[in-house]
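*Asks:* Generate coordinates for the sequence data below:
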Amino acid sequence: MQWILGLALAAAVFVILKQWGALSAEKKKAATWKVILVVGGALLVFMVLTGRVHVLTAAVAAVIPLLRKLPALLKFAPEINRFMGRKPGQESREQASDHSGSGTDLAGQMSEREACDILGVKAGCSEEEIVMAHRRLMQKLHPDRGGNDYLAAKLNEAKQVLLGKRQA
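*Replies:* Got it, this is the predicted structure:
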């Protein structure tokens, strides 16, 4: 019985090494991480099943690799708020009072400083720099390219604030 398992293991190692040699350097790096995660997960499950690791400790260890995906999951935050029954612009009174010091005036309009921060330009920059910064960020954050409506609206508002101050 043991020699059958040994032969099966040897055949598996042979197949894996043969396919490993055919991979490019970039794919080898991705495959290495996948192998590490799979082996680590299997080891974690084995240790939980044998009673060597508490289930809660294993759950924390299992969540750690998922933290890489957290920024991608945050783009769904407006939908979660909508699902929970809160409107996207709705804030509590404490949040609104804390938010007043961040550059937004009392009427809810974006300040020039906040608009410059959003677009990544310096105060007093040219109109061309504003338009180019807006275009560059919009290409990354447009809803049709994986961004969201909130970020696109903030970029548009920042551009209007800065260009409106130039024309006034």
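
*Asks:* how about A133, secondary structure?
*Replies:* Per DSSP: H, G, I helix; E, B strand; the rest coil, the local secondary structure of A133 is helix.

*Asks:* Tell me how many other residues crowd the residue lying closest to it once chain neighbours are set aside.
*Replies:* Nearest non-adjacent residue to A133, counting by CB to CB, 6 or more residues apart in numbering: L119, 4.4 Å away. C-beta coordinates here come from the backbone N, C-alpha and C atoms, glycine included. Using other CB atoms under 10 Å, L119 has 23 neighbouring residues.

*Asks:* again with the one 3 residues further on
*Replies:* For K122, the count of nearby residues is 8 (other CB under 10 Å).

*Asks:* I'd like the distance between the residue nearest to it when sequence neighbours are not counted and L74.
*Replies:* Nearest-residue entry for K122: C116, 6.6 Å, with adjacent residues in sequence omitted and distances by CB to CB, 6+ apart. Note on C116: its distance to L74, by CB to CB, to the nearest Å, is 24 Å.

*Asks:* And the two? Which one has more around it.
*Replies:* Counting neighbours by other CB under 10 Å for C116 and for L74 shows that C116 has the greater number, 20 against 11.

*Asks:* Can you say which helix or strand has the residue nearest to K122 in it?
*Replies:* helix 112-119 (DSSP states H and E).
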